[in-house]
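Visitor: heads up, no residue letters with this:
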């Protein structure tokens with residue numbers, strides 16, 4: 001078995017804690033939960049509202065995936081964390097589902113939490129898989 005690869009993306013979202021953006025082994029990639037921060041302006045205020053924060057988080061996941069030569073079509077599972085589950089679930093779903101075709105949505109768990117780093121309303125982590133090499 002090969003050793004894991006710890007990916008820290010130089011122009012990716014600035015980590016809010018000591019972690020890698022992703023860890024890869026055997027074609028499986030575990031992406032750290034992303035926050036709704038702007039990679040180009042990490043100290044800027046967070047976007048207003050759950051829909052805007054969800055889009056920023058998804059865009060940040062795409063930045064990490066793209067740096068690894070992948071995209072959201074390689075995502076097999078997501079875990080989503082909401083600080084106001086009852087109030088934000090429907091609006092979160094509307095923004096989230098726009099990133100995936102209806103027939104290729106990853107498995108998903110959504111969890112209500114009391115707080116997230118940087119005062120975010122949402123955080124999403126995911127598991128992706130590289131395509132198997134032919135031949």
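Guide: Cool, the structure landed. All values reported here derive from a predicted model rather than from experimental measurement.
Visitor: Output the below-cut-off pLDDT ranges for the protein.
Guide: Across the chain, the ranges flagged by pLDDT under 70 are 1, 134-135.
Visitor: could you pull out the helices for it?
Guide: 50-67, 85-97 (DSSP state H).
Visitor: how far away is the spatially closest residue to residue 105 that is not a sequence neighbour from residue 109?
Guide: Nearest residue to residue 105, sequence neighbours excluded (Cβ to Cβ, 6 or more residues apart in numbering): residue 97, at 7.1 Å. (Each C-beta comes from the backbone N, C-alpha and C, glycine too.) Using Cβ to Cβ, to the nearest Å, one gets 15 Å for the distance from residue 97 to residue 109.
Visitor: same check, this time on residue 10
Guide: Counting by Cβ to Cβ, the gap from residue 10 to residue 109 is 30 Å.
Visitor: Between these two, point out the one with more neighbours.
Guide: Higher neighbour count among residue 10 and residue 109: residue 109, with 9 against 6, using other Cβ atoms under 10 Å.
Visitor: The closest residue to the more buried one other than its chain neighbours: how many residues sit nearby?
Guide: Setting aside the residues directly before and after it, residue 109 is nearest to residue 79 in space (Cβ to Cβ, 6+ apart), at 5.1 Å. By the criterion of other Cβ under 10 Å, residue 79 has 15 neighbours.
Visitor: Lovely, talk soon.
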